[in-house]
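J.: how does the following fold in three dimensions:
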Amino acid sequence: MKLVLFNDYRPGVLRGDDVVDVSDEVQIRRNGQETMVNIIENWDSLRPKLESKVAQTRGVPLSSVQLRAPVPKPGKIMCMAANYRENTDKPALPIDGFLVSPEAVMDPGGTTVLPPYDFTICHHEAELVAVIGRKGKNLNRSETMNYVFGYTAGVDVSARGLWARLSKAFDGFKPIGPCIVTADEIGDPHKLQVQLSVDGQLRQDYNTADIGHPAAECLEWWTSITTILPGDLLFVGTNHQQLGPLQDGETAEMGIEKIGKFQFHIVDPKKRSWPKGIDASVGQTVRNRLTEAASPG
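T.: Numbers count the residues shown, from 1 in each chain. Okay, the predicted model is just below:
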C-alpha cells in the first residue's frame with residue numbers, strides 16, 4: 001500500500017493517479033508526523049480497514065492535491081556515507097554515517113534554497129529511504145528488516161566543501177516522497193532502479209544492487225549507536241557516478257521503481273552557476289577510495 005499525507009496533512013492512500021482520503025479510518029493527531037507514526041504503530045489493525053476503504057471509495061485526482069512529505073518531521077534522519085561500490089568489483093568501504101536535523105525534510109514540489117555561504121558546488125544524491133516501523137536497540141542484522149515499515153524516495157542535497165557533513169543539513173536539503181510504500185510491496189529493496197533528472201536531462205540512473213552495506217547491516221550498525229523509533233528515516237546512500245549540480249531556476253525529478261516520482265525546485269539567491277551535466281569528480285574520488293582500500297598493504 002502507498003501511504004501519503006496531503007493538503008493539511010490529511011492521511012491518504014495513493015491508488016494509481018488518485019488519492020483516497022482515509023481520515024475517517026485513522027485517528028488524526030496534532031500534526032502530520034504524529035498521524036503517520038500512529039498509522040505505522042497500528043498498522044496491523046488499520047490495514048484491513050484501509051484496504052476496504054480504498055476498495056469502496058472513489059478517490060480524487062493526484063493532480064488536484066498538494067502532497068506533503070510522507071514523514072514530515074522524523075525524530076532523526078540517519079544517512080549512510082560512501083555506501084555504494086560505484087559499479088566496481090571492490091569490497092565496500094568501512095561502514096560510516098551521519099545524522100541530519102529533521103528540519104531538512106521538504107515536501108514534494110517544494111523549493112530548496114541554496115545557502116549564502118561559500119561552497120564549491122551543490123550536488124544531488126538520489127537515494128532509497130527506509131522508514132522505521134518499530135523501536136529497536138542493539139539489533140542483529142538477521143532481525144533488523146523486521147523493523148522497517150516501508151520505503152520512500154529521497155534526495156541528499158549536498159553543498160560541497162562547506163563544514164564537512166553539515167553541508168548536507170540545511171533546511172530543505174532532504175526532499176522526500178511521494179509516498180511510503182509498505183515493505184511487503186517492495187520485496188527486496190536491493191533490486192530497485194533509482195533515477196534523477198534535472199530539467200529533463202537524465203543524470204543518476206543506478207540500481208540499489210550496487211549497495212555496499214545492505215540496509216539490514218546499516219540498521220544493525222545504527223542500533224549499536226542509537227535507539228531507532230517509528231517514523232525515523234534511513235537514507236541508505238547513493239551511487240556517486242552520475243552526480244551533477246543543482247542550481248538556480250532548475251527543477252529536479254527523482255523516482256524509484258515501485259515507489260514513484262516527485263519533483264522539487266532550486267533557488268539560489270546568489271545566482272551561482274556550474275557546468276550543466278555530469279560532474280565526475282566526486283564519483284572518481286569515491287572510486288579511488290575503494291581501490292586504495294582494496295589494495296594490499
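J.: would you check how far apart residue 178 and residue 112 are?
T.: According to C-beta to C-beta, to the nearest Å, residue 178 and residue 112 sit 16 Å apart. (Each C-beta comes from the backbone N, C-alpha and C, glycine too.)
J.: could I get the full set of helices for this structure?
T.: Taking DSSP state H, the helices of the chain run over residues 32-41, 43-56, 141-144, 183-186, 215-223, 281-294.
J.: may I see the buried residues of the third one?
T.: Of the residues in helix 141-144, those buried under the neighbour-count criterion (16 or more other C-beta atoms under 10 Å) are 141, 144.
J.: can you list the domains in this protein?
T.: Per automatic domain parsing, the structural domains of the chain span 2-68, 77-294.
J.: start and end of the first one, how far apart?
T.: Domain 2-68 stretches 13 Å from its first residue to its last (C-alpha to C-alpha, to the nearest Å).
J.: got a list of contacts for stretch 205-218?
T.: If you take C-beta atoms under 8 Å, 6 or more residues apart in numbering as the criterion, stretch 205-218 is touched by 78, 80, 82-87, 91-93, 95, 97, 128, 130, 141-142, 144-145, 148, 189-196, 221, 234, 236-239, 241-242.
J.: thinking again about what came up before, the helices of the chain: which one's closest to residue 65?
T.: Closest approach to residue 65 among the helices of the chain is made by helix 32-41 (13.6 Å; C-beta to C-beta).
J.: relative to helix 43-56, how tilted is that closest one?
T.: Inter-element angle recorded for helix 32-41 and helix 43-56: 100 degrees (by axes from the mean of the first three to the mean of the last three C-alpha atoms, to 10 degrees).
J.: got a list of what the residue nearest to the spatial centre of the chain touches?
T.: Residue closest to the average C-alpha location in the chain (C-alpha atoms, centre = their mean): residue 154, at 2.6 Å. For residue 154, the contacting residues are 126-129, 174-177, 233, 235, 254, by C-beta under 8 Å, 6+ apart.
J.: kindly recompute the last result at 10 Å.
T.: By C-beta atoms under 10 Å, 6 or more residues apart in numbering, the contact list for residue 154 reads 69, 71, 77, 79, 104-106, 125-129, 174-177, 233-236, 238, 254, 256, 262.
J.: how close does it sit to residue 226?
T.: For residue 154, the distance to residue 226 - C-beta to C-beta - is 19 Å.
J.: for residue 78, same thing?
T.: In terms of C-beta to C-beta, residue 78 sits 8 Å off from residue 226.
J.: show me which of the two is the more surrounded one.
T.: Counted by other C-beta atoms under 10 Å, residue 78 and residue 226 do not tie: residue 78 has more neighbours, with 25 against 13.
J.: beta-bridge partners for the more buried one, please?
T.: Note on residue 78: beta-bridge partners by DSSP bridges are residue 99, residue 234.
J.: state the distance from it to residue 245.
T.: 26 Å.
J.: residue 215 too?
T.: Distance from residue 215 to residue 245, by C-beta to C-beta: 28 Å.
J.: then residue 264?
T.: From residue 264 to residue 245 the distance is 15 Å (C-beta to C-beta).
J.: out of these two, which sits in the more crowded spot?
T.: The neighbour count for residue 264 versus residue 245, taken as other C-beta under 10 Å, is higher for residue 264 (24 against 21).
J.: which regions of the stretch 151-297 of the chain sit below the pLDDT cut-off?
T.: 297 (pLDDT under 70).
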